[in-house]
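Colleague: I need the structure of the sequence given here:
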Amino acid sequence: MKKKVLHIINSLTTGGAETLLANSLSPGGLQEHTDNYLAYFNKSSYLTDIIDKDVKLINLNYTGGFDIMRMLMQLKSIIKTNKIEIVHTHLTPASLYTHFLCPASVPQVHTIHSTYSMDKETRPLMRYLERKLFLEKANCNVISLSEFTKEDLLRSISFKGSVFVLNNFVADRYFDLPPKQVTRQANKLHLVAVGALKELKNFEYLLEVFAYLADQEIYLDIYGDGDKTKYEAIINNKSLKIKMMGRIDDMATVIQQYDLFIMPSKFEGFPLSVFEAMAAGLPLLLSDIAPLTSIVKDNAIYFQLDNARATAAQITAIYQNEINIQEMGIQAKVYAEKTVRRDIYIKRLLDIYDQITQ
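Modeller: Predicted structure coming up:
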């Protein structure tokens, strides 16, 4: 008989954690092996449409503030009524709230989707409470996205529970794209960047870089949710060859239009967008930070975040064909095939479920 698993996340908007969860529960995925329920506090997107129809989808319609007790009681009732055997949480505060109500007889496992010591988005008070009331408890089970993020967690807090390493995965549709064709025009280079328009993604740095590339046929499209106003003001003022594309539901539909994927992040956990680009056969140009170098290894070109002129020079070298990015794209796709396929992820996740329910 299939184990009953309740997945809990803050929302089903289009972030990396949300996309990972939805893709794991899409047809042919985890639902083949476990009986899944998915509860989210509020807010959804197209992700609800890609989830297997047999997954029980529950919008808790949480309105914040004093509504928390009502939501917690609803979650507790869901666990009891449906005889849930495993609770799997993603993101904060879903981790902490669930810990308060989850019966001791039902194991909870929590996936941390970022590098813990570098997380600047979670409110300090919430980080403190999550650490003291959940993460530092002996019965805490945590999934870390890489060996680097695991070691970072163990250095950052007094962790007494069990930590498992489980790499994220890329949806099959990226691997199923036809081989990337060399469509680049001899005198043009088109770059793409993906991510929410937040400080940690550091897209402002790319504006600095492209100020040095204004006289070359090098273009950049940035996809992501957020306020584009401040970016567009700089782009227009400096006549930069950058377009703010806004949100896109599925990068797989456009990613092969580009020659090179670029990410200037200050910190990351295990960014899906990087591995989606790899699976699609795009070469990578990434910020030289440990969370990225530890998981991508030598399958990318790296740049420093304190020298925009030098980064621009690297891009110019690619533009002038001094670096063979086509071969790099092929190499990156091979690496992605070995590390971020969904079937690998699901097999390892099921092993974790078995271990915490023994």
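Colleague: contacts and neighbour counts: CA atoms only from here.
Modeller: Noted.
Colleague: as PDB, could you dump the C-alpha coordinates of stretch 150-161?
Modeller: The C-alpha atoms that make up stretch 150-161 are tabulated as PDB, following Å, rounded to 0.1, in the frame of the first residue of the first chain:
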ATOM      1  CA  LYS A 150      24.600  20.600   4.100                       C
ATOM      2  CA  GLU A 151      28.000  21.600   5.500                       C
ATOM      3  CA  ASP A 152      26.900  25.200   5.600                       C
ATOM      4  CA  LEU A 153      23.900  24.300   7.700                       C
ATOM      5  CA  LEU A 154      26.000  22.200  10.100                       C
ATOM      6  CA  ARG A 155      28.400  25.100  10.600                       C
ATOM      7  CA  SER A 156      25.600  27.600  11.100                       C
ATOM      8  CA  ILE A 157      23.500  26.000  13.800                       C
ATOM      9  CA  SER A 158      23.600  23.400  16.500                       C
ATOM     10  CA  PHE A 159      22.000  20.700  14.500                       C
ATOM     11  CA  LYS A 160      21.100  17.400  16.300                       C
ATOM     12  CA  GLY A 161      18.800  15.700  13.900                       C
END
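Colleague: now tell me what touches that stretch from outside.
Modeller: Stretch 150-161 has contacts (CA atoms under 8 Å, 6 or more residues apart in numbering) with 115-117, 131, 135-142, 144, 163-165.
Colleague: let's go with 7 Å and repeat that
Modeller: The contact list for stretch 150-161, computed with CA atoms under 7 Å, 6 or more residues apart in numbering, reads 115-117, 135-141, 144, 165.
Colleague: for stretch 250-257, same thing?
Modeller: In contact with stretch 250-257 (CA under 7 Å, 6+ apart) are residues 174, 180, 280.
Colleague: chain center to it, what's the gap?
Modeller: When distances are taken as CA atoms, centre = their mean, to the nearest Å, stretch 250-257 is centred 17 Å away from the chain's centroid.
Colleague: gap between the two ends of that stretch?
Modeller: End-to-end distance for stretch 250-257: 13 Å, by CA to CA, to the nearest Å.
Colleague: likewise stretch 294-302?
Modeller: Taking CA to CA, stretch 294-302 runs 12 Å from one end to the other.
Colleague: what comes up buried for that stretch?
Modeller: For stretch 294-302, a neighbour-count test (16 or more other CA atoms under 10 Å) marks 295-296, 299-302 as buried.
Colleague: list the contacts of that stretch.
Modeller: For stretch 294-302, using CA under 7 Å, 6+ apart, the contacting residues are 148, 283-288, 328, 331-332.
Colleague: kindly export stretch 55-71 (C-alpha atoms) in PDB.
Modeller: Output in PDB follows, covering the C-alpha atoms of stretch 55-71 (Å, rounded to 0.1, in the frame of the first residue of the first chain):
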ATOM      1  CA  VAL A  55      -2.900  14.600  -6.000                       C
ATOM      2  CA  LYS A  56      -5.300  16.100  -3.400                       C
ATOM      3  CA  LEU A  57      -4.700  19.900  -3.700                       C
ATOM      4  CA  ILE A  58      -5.700  22.000  -0.800                       C
ATOM      5  CA  ASN A  59      -5.700  25.800  -0.700                       C
ATOM      6  CA  LEU A  60      -5.800  26.800   3.000                       C
ATOM      7  CA  ASN A  61      -6.700  30.400   2.100                       C
ATOM      8  CA  TYR A  62      -4.600  31.800   4.900                       C
ATOM      9  CA  THR A  63      -5.100  35.500   5.300                       C
ATOM     10  CA  GLY A  64      -2.400  36.200   7.800                       C
ATOM     11  CA  GLY A  65      -2.300  37.500  11.400                       C
ATOM     12  CA  PHE A  66      -5.100  36.000  13.600                       C
ATOM     13  CA  ASP A  67      -6.000  33.500  10.900                       C
ATOM     14  CA  ILE A  68      -3.000  31.400  11.800                       C
ATOM     15  CA  MET A  69      -4.800  29.300  14.500                       C
ATOM     16  CA  ARG A  70      -7.700  28.500  12.100                       C
ATOM     17  CA  MET A  71      -5.100  27.400   9.500                       C
END
